[in-house]
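S.K.: Pasting the sequence and the predicted model now:
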Amino acid sequence: MKITLYSQYFNPKISKRLGRKINLESARKFSDEKLNEILRQLKVLYEIREGKYPRVPYEKCKIYNIDANIKKSTLIKIIERRL
C-alpha cells in the first residue's frame, strides 16, 4: 500500500489546524535525518522528493512516498513515539 507523508506533519512551527499530525513535544525533536533513520529501522521502501503541502502551499517541504502494509495513522503514531 502506498502512503504519502509530508514533513509538515511533523513541523513544530505550524499548528494542528494547518496540518501537524503529532504533539508539539515530539515535533520539537523532529529532523529529516531522524525520520530517515526511523523508516530504515522499520525496513520499509521509501523515496523522498521536494514538494508543497496543500494546506501550507507557501512553504516547501519533503514528501515521503512509502510502500508498506500499514495504515497511515498507525505509521504516524509509530514515528511520533520514536522521536
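M.R.: Done, it's in. Residues are numbered from 1 along each chain as shown.
S.K.: From now on I want contacts and neighbour counts done on CA atoms only, so please keep to that.
M.R.: OK.
S.K.: secondary structure class for residue 60?
M.R.: Under the three-state scheme (DSSP: H, G, I helix; E, B strand; the rest coil), the conformation of residue 60 reads as strand.
S.K.: quick one: the residue lying closest to it once chain neighbours are set aside from residue 42, how far?
M.R.: In space, and not counting its chain neighbours, residue 60 is closest to residue 52: 4.9 Å by CA to CA, 6 or more residues apart in numbering. Applying CA to CA, to the nearest Å, one obtains 25 Å for the distance of residue 52 from residue 42.
S.K.: which one of these two has more residues nearby?
M.R.: Residue environment comparison for residue 52 versus residue 42 gives the larger neighbour count to residue 52, 16 against 13, counting by other CA atoms under 10 Å.
S.K.: check contacts around that one.
M.R.: For residue 52, the set of contacting residues under the criterion of CA atoms under 8 Å, 6 or more residues apart in numbering consists of 58-63.
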